[in-house]
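1. what's the 3D shape of this:
(one chain, ligands or ions: 1)
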Amino acid sequence: MAEKFKNYIGGKWVDAKSGKTFESRMPADWSKIVGLFPKSNKDDVDEAVNAAKKAFKEWKRMPVAKRGALLGKVGDIMVKRKEEIALLMTQEMGKIMKEARGDTQEGIDTAYYAFGEGRRFFGKTSPSELQNKVAITFLCPIGVAGLISPWNFPIAIPTWKMFPALLSGNTVVLKPSSDTPALASKLVEIIIEAGFPAGVVNLVHGPGSTVGNAILDNKDIGVVSFTGSSEVGRHIASVCGKTLKRVSLELGGKNAQIVLDDADIDLSVEGVLFGAFGTAGQRCTATSRLILQEGIHDKLVEKLVKRAESMKIGKPWDEASDVGPVINESSLKKILGYVDIGKNEGAKLMCGGYRYTEGDCKNGWFVKPTVFTGVKPGMRIEQEEIFGPVLSVIKVKSFEEAIDVLNGVEYGLSSSIYTKDLNLAFKAVEEIDTGITYVNGPTIGAECHMPFGGTKNTGNGHREGGWTAYEIFTEQKTVYIDYSGKLQKAQIDVTIEK
Ligand code: UN1
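-> Presented below is the predicted three-dimensional model:
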């Protein structure tokens with residue numbers, strides 16, 4: 001019998017009111033069930049929001065350093081349970097063991113960053129334009145935060161959202177992806193173990209169409225944070241626009257790595273293999289386009305294809321595997337559909353492009369690392385997010401053309417350039433229109449203490465990670481203190497001329 005999981009609302013583990021459940025299965029072996037989860041709807045969400053609203057009153061009064069200490073404790077527990085979390089991640093989400101440890105580590109880093117923020121939750125102080133008066137700002141929580149997280153970083157991304165929200169004094173309702181509910185449950189278990197008061201963290205499992213929409217519709221949710229597709233992001237923004245909820249969106253990417261003629265060829269190949277096929281290409285930051293200057297093109301493609309072909313596909317919990325499965329059958333179909341699109345568009349398939357079913361991979365959603373050459377700007381495989389191990393190689397003549405191709409998509413998350421020419425590297429940093437750029441490194445590998453997010457259709461201007469995540473979850477309060485003992489009138493009593 002599969003293990004039965006519950007929602008966590010107001011400090012209690014509870015079933016969905018409907019009594020219905022859904023399954024989470026293993027992408028590497030679809031015959032195996034990870035667990036059964038409550039298929040919740042609006043009633044469950046409303047109850048969770050009520051619990052969060054009730055808990056907010058006390059939680060926001062707890063000194064921020066104390067809230068930070070609780071998050072530090074979460075980090076400590078995650079350190080102790082890192083292997084256990086990573087193993088579950090290989091089973092439920094399918095990324096390979098090394099990457100699963102990395103995902104968990106990103107959550108640990110985010111917890112310790114939040115712990116530190118508890119001692120530097122600074123506002124600003126300013127002199128007034130009048131005498132005997134001063135101005136100060138404070139950071140205040142918003143209220144209840146609705147967090148909608150994806151499956152591809154099933155620990156890191158919920159922590160990116162939850163920990164800054166909690167440290168800032170908000171209470172939260174988390175709706176994790178229905179593809180990775182056991183990992184979200186594990187994270188909440190850890191939060192409970194750390195000793196958070198009831199109602200501060202609430203977990204509601206279920207589909208976006210009911211649970212996600214109920215979060216958007218609930219008038220007591222003050223801020224929504226979502227990571228996922230641009231299509232869903234647009235829907236969320238339009239619903240939240242009507243009720244003037246703050247909303248932070250991390251959406252699609254079509255990230256490119258440029259390699260100029262003077263670059264270190266082996267280093268560039270290492271980078272693109274990791275960027276394109278790490279996590280089976282299922283990162284928002286994955287390298288899905290490789291833009292090669294013509295002088296380096298043939299030699300690099302030869303090395304790349306050889307290496308891509310020899311990558312070991314296998315069970316993600318097997319330490320020897322380089323590439324695990326993709327998340328589910330519909331994702332597999334979408335990816336293989338793009339392989340057909342690429343062929344029909346006239347691109348040349350150099351390797352991969354099919355479902356891999358050898359050995360013990362027969363019950364999983366494995367895709368052989370795929371490389372297309374002869375890809376032209378404007379082709380669908382060059383423009384659209386595929387979210388799988390498919391790389392499009394585009395040949396260009398010059399640095400300028402490389403930048404134009406890199407920028408010629410609707411997204412702007414991550415990017416990379418390999419060159420030894422310092423001047424061109426800086427020029428690229430200036431000209432590239434993305435939120436993140438790497439020089440001589442792949443498009444993946446963002447660190448928790450720096451802003452994370454993108455331009456154009458990748459988001460709506462917010463940045464997760466680092467100090468900027470805290471801007472999403474706080475209101476600024478400006479306070480003027482007048483110690484003159486008389487009525488002083490700004491702009492009227494004193495006119496300051498230049
Ligand atoms: C994502 O793909 O949504 O930079 C997040 C990286 C990771 C985070 C990716 N640290 O690839």
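2. Which is the succeeding secondary structure element to the longest helix along the chain?
-> Ranked by number of residues, the top helix in the chain under DSSP state H is helix 97-117. Past helix 97-117, further along toward the C-terminus, the next helix or strand under DSSP states H and E is strand 125-127.
3. packing partners for that next one?
-> Helices and strands touching strand 125-127, by 3 or more Cβ pairs under 8 Å, 6 or more residues apart in numbering; DSSP states H and E, are strand 133-141. For the C-beta atoms, the positions are set from N, CA and C on the backbone; glycine is no exception.
4. For the strand it packs on, which strands pair with it and how are they oriented?
-> Sheet pairing here is set by DSSP bridges, and for strand 133-141 it gives strand 125-127 (antiparallel), strand 474-482 (antiparallel).
5. Look at whichever residue of the stretch 51-200 of the chain sits closest to the ligand and tell me its secondary structure.
-> Residue nearest to the ligand within the stretch 51-200 of the chain: residue 153 (4.9 Å; Cβ to the nearest ligand atom). Under DSSP: H, G, I helix; E, B strand; the rest coil, residue 153 falls in the coil class.
6. tell me the pLDDT at it?
-> With respect to pLDDT, residue 153 scores 98.
7. What of residue 337?
-> Residue 337 is assigned a predicted lDDT (pLDDT) of 98.
8. For it, identify the helix or strand it belongs to.
-> Going by DSSP H and E, residue 337 is part of helix 329-344.
9. Residues of this structure that sit close to the ligand?
-> 106, 152, 153, 283, 284, 285, 444, 445, 446 (Cβ under 6 Å from any ligand atom).
10. do that again at 5 Å, thanks
-> 153, 283, 284, 285, 444, 446 (Cβ under 5 Å from any ligand atom).
11. between those, which has the most around it?
-> Ranked by neighbour count (other Cβ atoms under 10 Å), those have residue 284 at the top, with 29 neighbours.
12. ok, now how distant is that residue from residue 262?
-> 30 Å (Cβ to Cβ, to the nearest Å).
13. Over to residue 94?
-> 38 Å.
14. now do residue 183
-> For residue 183 relative to residue 262 (Cβ to Cβ), the value is 43 Å.
15. got a list of what residue 123 touches?
-> 136, 137, 138, 139, 476 (Cβ atoms under 8 Å, 6 or more residues apart in numbering).
16. what about 10 Å?
-> With contacts defined as Cβ atoms under 10 Å, 6 or more residues apart in numbering, residue 123 is in contact with 136, 137, 138, 139, 140, 474, 476, 477, 478, 479.
17. what's around the residue lying closest to residue 356 once chain neighbours are set aside, how many residues?
-> Excluding the flanking residues, the one nearest residue 356 by Cβ to Cβ, 6 or more residues apart in numbering is residue 366, at 4.1 Å. Residues lying near residue 366 (other Cβ under 10 Å) number 27.
18. Run a quick neighbour tally on the nearest residue to residue 141 once chain neighbours are set aside.
-> Closest residue to residue 141 in three dimensions, ignoring its sequence neighbours and counting by Cβ to Cβ, 6+ apart: residue 169, at 3.3 Å. Residues near residue 169, counting by other Cβ under 10 Å, number 23.
19. Surely residue 169 is in a helix?
-> No - read with three-state DSSP, residue 169 is coil and lies in no helix.
20. Looks like it contacts residue 67 (just checking).
-> Yes - counting by Cβ atoms under 10 Å, residue 169 touches residue 67, with 6.9 Å between them.
21. Return every residue with contacts to both of these two.
-> Common neighbours of residue 169 and residue 67 (Cβ under 10 Å, 6+ apart) are 59, 60, 121, 141, 200.
22. Which residue ranges make up the domains of the chain?
-> 7-251+459-478, 255-439 (automatic domain parsing).
23. Now name the helix or strand holding residue 159.
-> Here residue 159 is assigned to helix 156-167, by DSSP H and E.
24. The helix or strand just after that helix packs against which elements?
-> Using DSSP H and E, the helix or strand that follows helix 156-167 towards the C-terminus is strand 171-175. On a contact count with 3 or more Cβ pairs under 10 Å, 6 or more residues apart in numbering; DSSP states H and E, strand 171-175 meets helix 42-59, strand 144-148, helix 156-167, helix 181-194, strand 201-203, helix 213-217, strand 221-227.
25. partner strands of strand 171-175, parallel or antiparallel?
-> Sheet pairing for strand 171-175, using DSSP bridges, gives strand 144-148 (parallel), strand 201-203 (parallel).
26. average pLDDT across that strand?
-> Per-residue scores along strand 171-175 average to 98.
27. you'd agree residue 443 is in a strand?
-> No - counting by three-state DSSP, residue 443 falls outside a strand, being coil.
28. For residue 112, the count of nearby residues, please.
-> Neighbour tally, residue 112, other Cβ under 10 Å: 21.
29. so it makes contact with residue 76?
-> Yes - if you go by Cβ under 10 Å, residue 112 and residue 76 touch, sitting 9.1 Å apart.
30. Could I get the full set of helices for the stretch 351-498 of the chain?
-> 380-383, 399-407, 422-431, 468-472 (DSSP state H, counting those that start in this stretch).
31. quick one: contacts of the third one?
-> Where contact means Cβ under 10 Å, 6+ apart, the residues beyond helix 422-431 that reach it are 258, 260, 262, 399-400, 402-404, 406-407, 415-419, 421, 437-440.
32. who's more crowded, residue 94 and residue 262?
-> residue 94 (32 against 13).
33. Flag the helix or strand of the chain with the lowest per-element mean pLDDT.
-> The helix or strand of the chain with the lowest confidence, counting by mean pLDDT, DSSP states H and E, is helix 230-243 at a mean of 95.
34. Only alpha carbons, please: show stretch 284-292 as CSV.
-> Output of stretch 284-292 as CSV, limited to C-alpha atoms (Å, rounded to 0.1, in the frame of the first residue of the first chain):
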residue,chain,number,x,y,z
CYS,A,284,14.8,27.5,-16.3
THR,A,285,18.4,28.4,-16.6
ALA,A,286,19.3,25.4,-18.9
THR,A,287,21.4,26.1,-22.0
SER,A,288,19.1,25.4,-24.9
ARG,A,289,21.0,27.3,-27.6
LEU,A,290,24.7,27.2,-28.4
ILE,A,291,25.9,30.1,-30.5
LEU,A,292,29.2,29.3,-32.1
